[in-house]
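Chemist: I would like the atomic coordinates for the input below:
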Amino acid sequence: MALVITGCSPSPPGADAPPAPPGPDTPPVTVEVLDEQGFADLLGRHRGRVVLVDFWATWCSSCKEQLPHTIALQEKLGEKGLTVITVSLDDPEQKDAVLRVLEDKQARTANYLSQYGGSEKSMEVFAIEDGTLPHYKLYDRQGKLAHTFASGTRNIEPDEIDRAIEALLGSD
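Modeler: A predicted model of the protein is given here:
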């Protein structure tokens, strides 16, 4: 299965505005390499919270355009029970480039880099059936996959993701 990039809807208004500079107590942006067991463990550690996973890559312009929306969700809904995780499908040797994009976007979310890069193995272990980016998975508080947002045949509307998250957060 080849990795395919499709166009997504434009960024929401204000998404292209530069983020506010970090304050002195702001934690640094970090990225760690992750495999399938690490991903399963990560999801397990977040049981009790709604989890949005944003699969992206530095070479995917649509992914980078939508990344600010994902980051804003963490800032807006983190206290209500949302955890946002980003997983880059760049090759692990590109960790510095991934970190630069995340720092530029001030992604103070849980950020990871697939041990398998953009290979078929990544598509398999992260269950990205259509092999396209951007790709999102939304898990409920019990850790069950509730929604998949795949860009293979259509643009992913940020409002669609927002509504699904709000429904899960409001279902307590």
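Chemist: Remind me which helix or strand the residue most central in space within the chain belongs to.
Modeler: Centroid-nearest residue in the chain, with CA atoms, centre = their mean: residue 54, separated by 1.7 Å. Using DSSP states H and E, residue 54 falls within strand 50-56.
Chemist: who does that strand touch, helix- and strand-wise?
Modeler: Helices and strands touching strand 50-56, by 3 or more CB pairs under 8 Å, 6 or more residues apart in numbering; DSSP states H and E, are helix 61-77, strand 82-88, strand 135-139, helix 158-169. (C-beta placed from N, C-alpha, C; glycine too.)
Chemist: outside of that strand, which residues touch it?
Modeler: 43, 63-64, 66-67, 70, 73, 81-89, 126, 128, 133-141, 143, 161, 165, 168-169 (CB atoms under 8 Å, 6 or more residues apart in numbering).
Chemist: Can you say which of the residues you listed are buried?
Modeler: Neighbour-count burial (16 or more other CB atoms under 10 Å) applied to these gives 43, 63-64, 66-67, 70, 73, 81-89, 126, 128, 133-141, 143, 161, 165, 168-169.
Chemist: and stretch 152-169, which residues are buried?
Modeler: Applying a neighbour-count criterion of 16+ other CB under 10 Å, the buried positions in stretch 152-169 are 156, 158, 161-162, 164-165, 168-169.
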